[in-house]
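When you get a sec, could you give me coordinates for this:
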Amino acid sequence: MQKIDYKKEFKQLYKPSATEVTIVEVPEWKYLMLDGQGDPNTAEAFKEAIEALYPVAYALKFMIKKGEIGVDYGVMPLEGLWWAEDMSSFTVGDKSQWKWTLMIMQPDLVTEKLVQQAIEQVKAKTNPASLPLVRFESFDEGKAAQIMHIGPFSEERPSIEKVHSFIEQSGSQKRGKHHEIYLSDIRRAAPEKWKTIIRQPMV
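I've put the predicted structure just below:
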């Protein structure tokens with residue numbers, strides 16, 4: 001059986017430097033996505049989004065592994081796009097106004113038909129509250145600057161500012177939404193060891 005590690009296949013996107021900002025070209029990929037709003041630390045919607053996305057992602061993995069395709073791949077990490085109608089809420093700490101799209105990248109092997117079958121499987125087994133909100137959609141991020149942040153989410157600001165400064169000093173401009181990719185299992189790893197990719201599209 002063929003085994004694919006997409007994080008290794010696209011190492012430049014999933015293993016950036018923790019000291020230097022780098023520019024990457026992110027291809028158009030398809031994702032399982034779910035939108036919501038609220039403080040990620042307290043909002044029930046955030047917790048429910050994760051509880052819906054992961055079961056569908058794992059159902060797809062095993063359908064492809066055990067089905068006609070016969071390919072084994074690792075489920076990709078959780079990612080988040082973040083923004084607010086009033087961007088000052090990112091600086092004054094009003095996290096209840098934060099909007100987000102949580103998503104998990106899917107390989108080309110995954111089709112709309114397989115996603116619907118996976119959703120039906122999850123519905124029959126656990127039927128998480130936010131399952132009806134899961135969608136399968138393309139996202140074309142393109143050119144972006146990124147860096148690896150090591151440590152708790154509460155200490156991300158210097159890393160974010162470093163990325164923003166890099167973009168400005170290179171004569172470019174920010175575009176799109178603040179993007180984070182969560183590489184660590186925060187249930188098991190110590191906060192000071194958490195690895196989060198901070199990515200900002202640019203033009």
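
can you point me to the longest helix in this protein?
In terms of residue count, the longest helix belonging to the chain (DSSP state H) is helix 44-66.

So for that one, mean pLDDT?
When pLDDT is averaged over helix 44-66, the result is 97.

Confirm for me that Leu114 is in contact with Met63.
Yes - using Cβ atoms under 8 Å as the test, Leu114 is close enough to Met63 to be in contact (6.0 Å). To be clear about C-beta, it is placed using only N, CA and C from the backbone, and glycine gets the same treatment.

still on that earlier bit, in whichever helix or strand comes after the longest helix of the chain, what's buried?
Read in the C-terminal direction, the helix or strand following helix 44-66 is strand 71-73, with elements assigned using DSSP states H and E. By neighbour count on 16 or more other Cβ atoms under 10 Å, the buried set for strand 71-73 is Tyr73.

helices or strands up against the very next helix or strand once past strand 71-73?
Next helix or strand after strand 71-73 toward the C-terminus (DSSP H and E): strand 78-83. With contacts defined as 3 or more Cβ pairs under 8 Å, 6 or more residues apart in numbering; DSSP states H and E, the secondary structure elements packing on strand 78-83 are helix 44-66, strand 99-106, strand 178-182.

Most tightly packed of the ones you listed?
Comparing the helices and strands packed on strand 78-83 by mean neighbour count (mean count of other Cβ atoms under 10 Å), strand 99-106 comes out on top with a mean of 22.

Can you give me the buried ones in the helix or strand just after that strand?
Past strand 99-106, heading to the C-terminal end, the next element that is a helix or strand (DSSP H and E) is helix 112-125. Buried positions in helix 112-125, judged by neighbour count with 16+ other Cβ under 10 Å: Leu114, Val115, Ala118, Ile119, Gln121, Val122.

hang on, isn't the second one packed against Leu32?
Yes - because the distance of 7.2 Å satisfies Cβ under 8 Å, Val115 is recorded as touching Leu32.

residue ranges with poor pLDDT in the chain?
Along the chain, the parts satisfying pLDDT under 70 run over 87-93.

hmm, back to that, possible to save the helices and strands packed on strand 78-83 as a markdown table with distance to Glu20?
Supplementary listing: the helices and strands packed on strand 78-83 in a markdown table, determined by distance: least, Cβ to Cβ, whole Å:
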| stretch | distance to Glu20 |
| --- | --- |
| helix 44-66 | 31 |
| strand 99-106 | 24 |
| strand 178-182 | 17 |
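
Domain-wise, how is the protein divided?
1-28+141-203, 30-139 (automatic domain parsing).

With distance to Met202 as extra columns, can I get the buried residues of helix 112-125 in CSV?
Rendered in CSV, the data for the buried residues of helix 112-125 read as follows (distance: Cβ to Cβ, whole Å):
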residue, distance to Met202
Leu114, 33
Val115, 31
Ala118, 34
Ile119, 34
Gln121, 39
Val122, 36
